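1. Predicted structure and sequence below. I'll ask about it afterward.
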Amino acid sequence: MKPSHKILIGYKNSSFFARCQHTLTLSISKTDSNSNGLKFYHMREFGRLKKGGQQVFRLPSLNFSQSKRGASAIAGFYYNFKARDFSGPVERHVNDNTDETVYVKDGKNVKPIVEESGHNDDEDKGRKESGLEVGEEDENTENSGGVRNVDKAEYVEEETEEEKEAWKLLKEALVTYCDLPVGTVAANDFDSVQPLNYDQVFIRDFVPSALAFLFKGEKEILKNFLLYTLQLQSWEKTVDCYSPGQGLMPASFKVKTKELGKRKTEEVLDPDFGESAIGRVAPVDSGLWWIILLRAYGKITGDNSLQERLDVQTGLRMILNLCLTDGFDMFPSLLVTDGSCMIDRRMGIHGHPLEIQALFYSALRSAREMVTEDEKSTNLVGEINNRLSALQFHIREYYWLDMQKINEIYRYKTEEYSLNATNKFNIYPDQIPSWLMNWIPEEGGYLLGNLQPAHMDFRFFMLGNLWSIVSSLGSPTQNNAILNLIESKWGDLVGEMPLKICYPALEHHEWRIITGCDPKNTPWSYHNGGSWPTLLWQFTLACMKMERTDLAEKAIALAEKRLPRDSWPEYYDTRSARFIGKQARHYQTWTLAGYLASKMLLKNPKLASLLCWDEDFEILETCVCMLNKSGRIKCSRIAAKSQILV
């Protein structure tokens with residue numbers, strides 16, 4: 001008898017204790033119809049058909065040629081299904097000749113789509129008992145790429161007491177849904193009276209945790225996380241009847257227990273797309289981090305099957321479609337509002353903040369590697385390449401700041417109306433702050449925090465500059481100069497606890513106007529010049545890429561002395577980071593995970609090489625201006641060659 005092929009399909013919501021139940025079975029034939037004339041489709045055709053009160057689900061084919069809903073003009077990609085349709089009731093349809101089955105989760109519970117191949121039933125049972133999904137290889141099997149077979153004993157032997165404590169706390173922070181680990185809470189502070197949203201799983205916060213587990217050889221946690229968050233992806237209006245955009249990933253989710261009556265409960269996942277956030281701002285960076293994590297999973301494990309899944313490809317393209325949609329903005333950088341990234345409060349970063357541009361660039365480079373080739377992907381890859389080229393040139397040419405560039409700005413003429421204008425953004429020289437003149441070293445430089453018409457944000461933002469190094473958004477010369485700056489200004493940017501999220505802090509009248517008198521973002525605290533240990537792993541990655549490992553070792557040694565003693569706080573205050581943050585949570589998960597990831601990167605440099613991007617000369621040579629039919633546009637790329645090339 002031929003074994004059946006199965007797919008698990010589900011939707012939204014979860015908690016810690018109750019097991020998932022009420023799985024309904026829907027049998028589907030490739031070619032047959034039921035007695036009422038309702039035709040069943042091949043399991044790879046995925047959509048929603050209705051006849052009377054019945055609902056039948058089908059998976060979309062790879063060519064998406066028959067879709068009638070929501071076409072993407074950018075990628076030529078058609079969306080023919082709606083994840084939130086899964087929340088309705090589903091009746092069971094049986095056909096005696098069927099050899100394929102689809103399980104549909106009842107209610108609003110999320111269940112990731114998992115394809116099972118037609119193996120022997122006894123073999124399948126054995127794999128399930130071993131904790132592996134059907135069709136999945138054991139961790140000890142050989143693979144063609146990545147570093148999947150990480151020697152776990154290596155880390156056990158070399159672990160310090162600080163590392164052992166961090167691992168213990170990290171495992172205690174794990175969140176389970178339907179008995180599967182799906183992420184880690186933001187903080188496990190037992191002394192906190194008000195957990196607020198620190199008991200939720202944040203996409204950006206989970207990144208260092210995911211990498212630490214991957215480096216340890218425990219890949220299932222990240223795989224579950226990627227699939228469950230994919231099912232939470234935005235498909236409908238969520239915030240006061242306003243749509244945040246189809247394809248938006250939630251900022252966080254929480255596992256909750258839902259009462260069903262008669263002492264029955266079930267787990268549900270409750271996502272937050274910004275409707276509960278401070279300021280009600282949608283998270284722009286969540287989808288970008290999700291793409292970066294998806295690539296990291298394939299690189300570290302050597303297993304690309306997750307990337308190639310139809311549901312994953314669909315979610316990936318939806319994020320790209322959201323980010324690449326045409327608008328009124330004239331720049332290749334993403335236009336976002338304050339509070340839409342790691343700095344999630346009003347800090348004057350609205351516009352085109354460097355952090356988002358660096359993550360956007362990294363996500364585009366990741367996506368280009370993972371998008372499957374089909375007849376519709378050519379346009380998408382072309383759009384990605386064009387945007388990469390334009391964004392790279394824009395950031396390297398206009399965001400870069402060193403002594404030479406400051407002197408040019410100092411001599412800028414204003415109100416220039418011309419295609420050949422030098423001062424393209426009408427920047428007034430008086431904007432140059434007094435602290436900058438004597439602060440920037442001769443041999444160093446950095447990328448501006450923000451740039452838009454008549455506004456340059458001269459603050460140094462650590463995350464954006466580090467990811468510019470990791471992703472090669474900056475040129476090799478610029479990347480080295482950024483690390484030169486950090487080394488030269490070690491006391492300001494590292495101090496007694498790495499690393500300063502931005503420098504300098506907003507103070508006095510400027511603080512009152514820009515932050516709105518934010519009592520949490522007081523000068524040299526939290527996002528306003530506070531120090532965040534979670535940035536340690538990204539600093540380590542950047543240093544290893546540029547062969548400056550000594551800087552990373554120095555920073556890790558500083559953190560290792562204080563973090564366990566201070567109970568792994570979220571952030572530190574004051575200019576030199578001497579005090580634990582006034583409102584910082586203890587046992588902050590991404591603090592201890594960032595420390596662990598940093599230590600493991602140093603132990604295995606191959607991991608760092610897999611997570612970084614080298615200079616891409618194809619991007620470098622592609623000039624978007626050449627593709628424009630208008631002859632009025634003149635490309636100034638030649639003028640930037642000295643900075644772009646080594």
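-> All right, it came through fine. Numbering: from 1, shown residues only.

2. show me where pLDDT drops low in the stretch 51-200 of the chain?
-> For the stretch 51-200 of the chain, the stretches flagged by pLDDT under 70 are 51-157.

3. Can you tell me how far the residue nearest in space to the middle of the chain is from residue 549?
-> In the chain, the residue lying closest to the centroid (Cα atoms, centre = their mean) is residue 289, at 0.5 Å. From residue 289 over to residue 549 the distance is 25 Å, taken as Cβ to Cβ, to the nearest Å. Where C-beta positions appear, they are placed from N, C-alpha and C, glycine not excepted.

4. do residue 467 as well
-> 18 Å.

5. Same question for residue 600.
-> Separation of residue 600 from residue 549 (Cβ to Cβ) stands at 14 Å.

6. Show me which of the two is the more surrounded one.
-> Taking other Cβ atoms under 10 Å, residue 600 and residue 549 do not tie; residue 600 has more neighbours (23 against 16).

7. so where does the more buried one fall, helix or strand?
-> Element membership for residue 600, per DSSP states H and E: helix 589-603.

8. Packing partners of the helix or strand following that helix?
-> Using DSSP H and E, the helix or strand that follows helix 589-603 in sequence is helix 605-611. Packed against helix 605-611, as judged by 3 or more Cβ pairs under 8 Å, 6 or more residues apart in numbering; DSSP states H and E, are the following elements: helix 285-301, helix 536-545, helix 589-603.

9. can you give me the angle the last one makes with helix 536-545?
-> Orientation check (axes from the mean of the first three to the mean of the last three Cα atoms, to 10 degrees): helix 589-603 against helix 536-545 gives 20 degrees.

10. Report the distance from helix 589-603 to the chain centre.
-> Computed by Cα atoms, centre = their mean, to the nearest Å, the separation of helix 589-603 from the middle of its chain amounts to 18 Å.

11. Under the pLDDT cut-off, which ranges of the stretch 201-350 of the chain? List them.
-> Low-confidence segments of the stretch 201-350 of the chain, defined by pLDDT under 70: 236-240.

12. Would you map the strands across it?
-> Along the stretch 201-350 of the chain, counting by DSSP state E, counting those that start in this stretch, strands occupy 201-202, 252-261, 264-272.

13. Can I get those in TSV including mean neighbour count and distance to residue 336?
-> Compiled in TSV, the strands of the stretch 201-350 of the chain are given as follows (neighbours: other Cβ atoms under 10 Å; distance: least, Cβ to Cβ, whole Å):
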stretch	mean neighbour count	distance to residue 336
strand 201-202	26	18
strand 252-261	18	18
strand 264-272	20	18
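
14. Can you tell me which of the ones you listed is nearest to residue 458?
-> strand 201-202 (29.5 Å; Cβ to Cβ).

15. how much space between residue 401 and residue 445?
-> Applying Cβ to Cβ to residue 401 and residue 445 gives a distance of 6 Å.

16. same question but for residue 592, I mixed them up
-> Using Cβ to Cβ, residue 592 is found at 33 Å from residue 445.

17. Pick out whichever of the two has more residues nearby.
-> When neighbours are counted by other Cβ under 10 Å, residue 592 and residue 445 differ, and residue 592 comes out ahead with 30 against 24.

18. Not counting sequence-adjacent ones, nearest residue to the more buried one?
-> In space, and not counting its chain neighbours, residue 592 is closest to residue 166: 4.2 Å by Cβ to Cβ, 6 or more residues apart in numbering.

19. mind listing what residue 428 touches?
-> When the contact criterion is Cβ atoms under 8 Å, 6 or more residues apart in numbering, the partners of residue 428 are 412, 414, 454.

20. And these, which is closest to residue 206?
-> Distance to residue 206 across the contacts of residue 428 (Cβ to Cβ) is lowest for residue 454, with 38.0 Å.

21. Now do the contacts for the nearest residue to residue 343 once chain neighbours are set aside.
-> What sits nearest to residue 343 in space, not counting adjacent residues and going by Cβ to Cβ, 6+ apart, is residue 527, at 4.6 Å. Neighbouring residues of residue 527 by Cβ under 8 Å, 6+ apart: 342-345, 347, 501-502, 521.

22. same deal with residue 197?
-> Taking Cβ under 8 Å, 6+ apart, we find residue 197 in contact with 186, 252, 254, 272, 276.

23. For residue 176, see how far away residue 561 is.
-> Separation of residue 561 from residue 176 (Cβ to Cβ) stands at 34 Å.

24. circling back: make TSV from the strands of the stretch 201-350 of the chain and add distance to residue 158 to it.
-> Formatted as TSV, those follow (distance: least, Cβ to Cβ, whole Å):
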stretch	distance to residue 158
strand 201-202	29
strand 252-261	34
strand 264-272	37
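
25. so which of these comes closest to residue 542?
-> strand 201-202 (22.4 Å).

26. quick one: the helices in the stretch 451-600 of the chain?
-> Ranges of helices within the stretch 451-600 of the chain are 462-470, 476-488, 490-493, 508-515, 536-545, 549-562, 589-603, based on DSSP state H, counting those that start in this stretch.

27. In TSV: these, plus distance to residue 311 and mean pLDDT.
-> Output for these, formatted as TSV (distance: least, Cβ to Cβ, whole Å; pLDDT from 0 to 100):
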stretch	distance to residue 311	mean pLDDT
helix 462-470	27	98
helix 476-488	36	97
helix 490-493	42	98
helix 508-515	41	96
helix 536-545	29	98
helix 549-562	37	97
helix 589-603	27	98
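
28. I'd like the ones you listed laid out as a markdown table, including distance to residue 407.
-> Output for the helices of the stretch 451-600 of the chain, formatted as a markdown table (distance: least, Cβ to Cβ, whole Å):
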| stretch | distance to residue 407 |
| --- | --- |
| helix 462-470 | 21 |
| helix 476-488 | 16 |
| helix 490-493 | 22 |
| helix 508-515 | 25 |
| helix 536-545 | 27 |
| helix 549-562 | 28 |
| helix 589-603 | 37 |
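
29. Of these, which is nearest residue 365?
-> Among the helices of the stretch 451-600 of the chain, the nearest to residue 365 by Cβ to Cβ is helix 462-470 (10.4 Å).

30. gap between the nearest residue to residue 448 once chain neighbours are set aside and residue 424?
-> Once flanking residues are discounted, residue 448 sits nearest to residue 399: 4.6 Å by Cβ to Cβ, 6+ apart. Distance of residue 399 to residue 424, computed by Cβ to Cβ: 12 Å.

31. What helices and strands are in contact with the helix or strand residue 365 falls within?
-> Using DSSP H and E, residue 365 sits within helix 354-370. Of the remaining helices and strands, those touching helix 354-370 by 3+ Cβ pairs under 8 Å, 6+ apart are helix 285-301, helix 310-324, helix 377-394, helix 462-470.

32. Deepest in the core, which of the ones you listed is it.
-> Most buried of those by mean neighbour count (mean count of other Cβ atoms under 10 Å) is helix 462-470; its value is a mean of 27.

33. Next, the angle helix 377-394 makes with that helix.
-> Going by the same axes, to 10 degrees, helix 462-470 makes 110 degrees with helix 377-394.

34. What lies in contact with helix 462-470?
-> Applying Cβ under 8 Å, 6+ apart, the set of residues contacting helix 462-470 from outside is 342, 353-359, 361-362, 395, 446-447, 449, 473-474, 478-479, 482-483, 493, 499-503, 532, 535, 538-539, 541-542, 545-546, 611-613.
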